[in-house]
Structure formats: structure tokens, C-alpha cells
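**Q** Generate a structure from the sequence data that follows.
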Amino acid sequence: MDIQLKRGLLDVCVLATIKNEDSYGYQIIKDIKPYVDISESTLYPILRRVEEFQQEWQELQAIYRFITKEEPEHKSN
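**A** Numbers count the residues shown, from 1 in each chain. Presented below is the predicted three-dimensional model:
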């Protein structure tokens, strides 16, 4: 199997495992083990990448800007 494909597959498996509930390393490995062989030395770099992506995404959201239509000011005499 192509290394990049395997890496992407493992990332998706980890994300799917923690999608609905919080977990920790040992439990994630235990949950994935019936489907994919994964070790701690493989899991923790995946979790770091996910955390980094999450931080980057939050930063992007924090600087998101948009333009709104300006309403003309109403002058009353």
C-alpha cells in the first residue's frame, strides 16, 4: 500500500474513532485494532497533526473577514 494512502487512511480511522466521544491514546488503539494495526509510535504523530490542523483552522476562523452592504444614513430635518 502506498505510504501516503496508508497515512491518510490512518488519519481518517483516528478521526472516526474520536468523532462522537473523547478518548485517549490507548483506547483509540484498542478501538482501531480490529480493523487496522496501529502502534503508539504511529498514533501520537497523527494526534499531533490533528491538533495542529485544529489550531490552524481556529486561527483562520479568527481572521475571517467579510464585506457587508453599507446602509445609507437617514438624515432627519
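**Q** Low-confidence ranges, the protein, go.
**A** For the chain, residues meeting the criterion pLDDT under 70 lie at 1, 58-65, 71-72, 74-77.
**Q** Apply 90 and report the result again.
**A** By pLDDT under 90, the low-scoring segments of the chain are 1-13, 15-22, 24, 35-38, 49-77.
**Q** Quick one: the helices in it, in order.
**A** 3-18, 25-32, 40-62 (DSSP state H).
**Q** so which of the ones you listed comes closest to Thr68?
**A** helix 40-62 (17.9 Å; C-beta to C-beta). Where you see a C-beta, it was placed from the backbone N, CA and C, and this is true even at glycine.
**Q** Mind listing what's buried along that closest one?
**A** For helix 40-62, burial by neighbour count (16 or more other C-beta atoms under 10 Å) applies to 43, 46.
**Q** And stretch 18-38, by the same measure?
**A** By neighbour count on 16+ other C-beta under 10 Å, the buried set for stretch 18-38 is 28-29, 31-32, 38.
**Q** that older thread, is it possible to export the helices of the chain to JSON lines including distance to Thr68?
**A** Compiled in JSON lines, the helices of the chain are given as follows (distance: least, C-beta to C-beta, whole Å):
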{"stretch": "helix 3-18", "distance to Thr68": "35"}
{"stretch": "helix 25-32", "distance to Thr68": "43"}
{"stretch": "helix 40-62", "distance to Thr68": "18"}
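**Q** Of all those helices, which one comes closest to Glu73?
**A** Closest approach to Glu73 among the helices of the chain (C-beta to C-beta): helix 40-62, 30.5 Å.
**Q** Could you list every helix and strand that that closest one packs against?
**A** helix 3-18, helix 25-32 (3 or more C-beta pairs under 8 Å, 6 or more residues apart in numbering; DSSP states H and E).
**Q** Report the distance from the longest one to the chain centre.
**A** Computed by C-alpha atoms, centre = their mean, to the nearest Å, the chain-centroid distance of helix 3-18 equals 11 Å.
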